[in-house]
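S.K.: Return a 3D structure for these sequence lines:
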Amino acid sequence: MLNNSQTEVLVVGAGPVGMLTALLLRQHGLRTRIIDQEARTAAHSYACALHPASLSLLERAGMAEDVIELGRRVETVAFYEGLERRSQVKFSDLPCPYPFAVVLEQSVFEDLLEQRLRSVGAKVEWNHRLCEIEPGANTVEATIEKLAPSGRGYIIPEFETVVKDRVKVAVDFLVGADGHNSRVRRLLDIRLERARAPRLFAVYEIETFEAVDHEMKLVLDESAVSVLWPLAENKCRWSFQIVPPEAAAEFPQKDRDRLIIVQAPSNWDSFHYLRRFLAERAPWFQAEIKGVIWTAHVQFEHEMAVKFGQGRCWLAGDAAHQASPAGMQSMNAGLREAADLADKLKSILRDKADMGLLRNYDEIHRAEWEKSLGLKTPAEPLSHVSPWAQRHFSTILGSLPASGQDLKLLLEKL
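M.R.: A predicted model of the protein is given here:
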């Protein structure tokens, strides 16, 4: 049965990009609904750094102060080539309202977004899954399934998800912010274009006895990048890119899609491999490790959708692109896309602007990602940067936690 619920925009996916999209749409006065097939916000934190430009967007959403209070400022990015500290850039050189990055666990960030959504009269409909879409000239018909856990077994119950209800709704626009395995993108039959082979990372979130400074540290060599993010006074995260022949041993199923395996640390997995990585790539890291909080093996693609949408259905965030996690580029770019898309939908629905605005959205953001991923022409280093920076320029470009003019200004400091 078709339910004409008067929803103007349906947002599919309640990660940071989806919730910011819904929040900004609601602030524009648009009747917005947001669904997610999961039961709640993220339990673990993967994308944890917010760029200076993202903090300005969050100020617009009424959230910047809370994010800064709960997060940890990162004021400097230090570069190591192998074992040698080569250079650093300071966010204080940026002429922007928030000249720093903020590290905040994604679970905390998502909880803040959900609370802010409630404050403007919206709520995430958890356990709701998009099933089908039927795009039309004036509306999109979306079939939504309401999910519920169902237990079986007597002594030890086993739970599985079942469809409790199914409803079809008509909306003016649909936004797919439902991640790398986007159901919206697949229903629209939009393919992904790969820029390069997947990159594999071993991630360790650790607690230290000594205080961790406020620097992000990038360790560069000819074949891999390693990244240190400070999370709190005595907590940080190391991400080590795994390259062959290491990959063969640690990731035997190399051809699989994006993989995330989070596990409780064992003595072998946590300390043996972590100490080996640190000894080989960052022996200057002398903080005594109190414990490993969690570990993850993550495979990241470098790819982009050949188009960011069509008609009345559009993509934002990981649904449209994915890149190396070093600079947290994909999520932060997704937040900018969320704001741009919300503004354009408001112009179309309230100010009677032309639908051509959405073609402009597609052109601008695809061009940005084509440049970032080197899909058309390889990134060319600036002529005046040092030789070591020229050697690693494409990696640095994707690893600095900044974008747009901010990124250009930081690159000029190398």
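S.K.: which residues of the stretch 1-150 of the chain score low on pLDDT?
M.R.: For the stretch 1-150 of the chain, the stretches with pLDDT under 70 are 1-5, 43-47, 150.
S.K.: and the closest residue to residue 208 other than its chain neighbours, backbone torsions?
M.R.: Among residues not flanking residue 208 along the chain, residue 287 sits closest, at 4.3 Å (CB to CB, 6 or more residues apart in numbering). C-beta: built from backbone N, CA, C; applies to glycine. Per-residue torsions, residue 287: phi -60, psi 130 (degrees, to the nearest 10).
S.K.: Look at residue 287 and say how many residues are nearby.
M.R.: 17 (other CB atoms under 10 Å).
S.K.: quick one, what contacts it?
M.R.: Contacts of residue 287 were listed using CB atoms under 8 Å, 6 or more residues apart in numbering, and they are 208, 209, 210, 212, 236.
S.K.: wait, the fourth one sits on residue 237?
M.R.: Read that as residue 212. No - the pair residue 212 / residue 237 is not scored as a contact, 10.0 Å apart, by CB atoms under 8 Å.
S.K.: what touches both of those two?
M.R.: Common neighbours of residue 212 and residue 237 are listed as residue 231 (criterion: CB under 8 Å, 6+ apart).
S.K.: any idea how far residue 223 is from the residue lying closest to residue 200 once chain neighbours are set aside?
M.R.: Leaving aside its sequence neighbours, residue 200 sits nearest to residue 242 (CB to CB, 6+ apart; 4.2 Å). To residue 223, residue 242 is 10 Å away according to CB to CB, to the nearest Å.
S.K.: out of those two, which sits in the busier spot?
M.R.: Neighbour tally, residue 242 and residue 223, criterion other CB under 10 Å: the higher count belongs to residue 242, 21 against 8.
S.K.: For the more buried one, give me the pLDDT.
M.R.: Predicted confidence (pLDDT) for residue 242: 90.
S.K.: For residue 183, grab phi and psi.
M.R.: According to degrees, to the nearest 10, residue 183 has phi -70, psi -40.
S.K.: Burial check on residue 132, number of neighbours?
M.R.: 13.
S.K.: For it, which three-state class applies?
M.R.: The local conformation at residue 132, judged by DSSP: H, G, I helix; E, B strand; the rest coil, is strand.
S.K.: which non-adjacent residue is nearest it?
M.R.: residue 143 (4.2 Å).
S.K.: which SS class is the one you found?
M.R.: For residue 143, the assignment made with three-state DSSP gives strand.
S.K.: ok now do it, which residues does it touch?
M.R.: 130, 131, 132, 133, 166, 167, 168.
S.K.: What strands flank the strand or helix carrying the last one, and is each parallel or antiparallel?
M.R.: So that's residue 168. Residue 168 is located in strand 158-171, with elements delineated by DSSP states H and E. Using DSSP bridges, strand 158-171 pairs in its sheet with strand 2-3 (parallel), strand 140-152 (antiparallel).
S.K.: model confidence over that strand, on average?
M.R.: 86.
S.K.: and the next helix or strand after it, how far out from the chain's middle?
M.R.: Beyond strand 158-171 in the direction of the C-terminus, DSSP H and E gives the next helix or strand as strand 173-176. Strand 173-176 sits 18 Å away from the centroid of its parent chain (CA atoms, centre = their mean, to the nearest Å).
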